[in-house]
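Visitor: Here's a sequence, model it:
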Amino acid sequence: MRLHLTVIVLLISMPVLAVIETYEFSRPELEVRYHRLVDELRCPKCQNQTIADSNAPISEDLRRRLYQELEAGLTDEEIVDGMVARYGEFVRYNPASDGVTRWLWLAPWIFLGIGGAIWVAVTLSRSATKETVSEHASDIAELLKDQSE
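Guide: Here you go, the predicted structure:
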């Protein structure tokens, strides 16, 4: 009975663990930008959560900093660039499309294309070899037939 009561209390208290922060924005568009940015930035400690989802103290600090920078009039790019300068490219959930990231995204497709070209070349050479061998085999069979006669 006591175990059941403990489980019920734990289940009821689960919503308490959610991140609840209320900021008073001077303009409604700042709040929209805030929610978009907290969903774009990754928690440096949790590594697999956005700063909106994380309860880590650093995420709380980043959300507060984000609020302050939005109210100070910084653009989204300036805010994200500041976070990247401080925490590295890892802080973005969608990394910038620069030279290194392009190669990381394109490399599998390039290797797949190279592998496909090799497969086609090997398949064609095998079929050509089989045709040549069958031609030689029929020539040899005719020669043997002629010799036996």
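Visitor: measure stretch 72-91 end to end?
Guide: 22 Å (CA to CA, to the nearest Å).
Visitor: what about that stretch, distance to the chain center?
Guide: Mean-position distance between stretch 72-91 and its chain equals 20 Å (CA atoms, centre = their mean, to the nearest Å).
Visitor: Show me the contact partners of that stretch.
Guide: 33, 36-37, 40-42, 44, 47, 62, 66, 69-70, 92, 95-96 (CB atoms under 8 Å, 6 or more residues apart in numbering). In short, each C-beta sits where N, CA and C put it, glycine included.
Visitor: just checking, which of the residues you listed belong to strands?
Guide: The strands, defined by DSSP state E, take in nothing from the contacts of stretch 72-91.
Visitor: Are any of the residues you listed buried, and if so which?
Guide: R33, L37, E40, L41, R42, P44, L62, L66, E69, L70 (16 or more other CB atoms under 10 Å).
Visitor: Tell me which two in the residues you listed are the farthest apart.
Guide: Farthest-apart pair in the buried ones among the contacts of stretch 72-91 is R33 and P44; separation 21.0 Å (CB to CB).
Visitor: rewinding a little: so which of the contacts of stretch 72-91 is the closest to L124?
Guide: P95 (40.0 Å).
Visitor: Could you tell me the model confidence score at L11?
Guide: As predicted, L11 sits at a pLDDT of 60.
Visitor: I meant to write R92 there.
Guide: Predicted confidence (pLDDT) for R92: 86.
Visitor: doesn't E40 make contact with it?
Guide: Yes: look at R92 against E40 with CB atoms under 8 Å: they come within range, at 6.8 Å.
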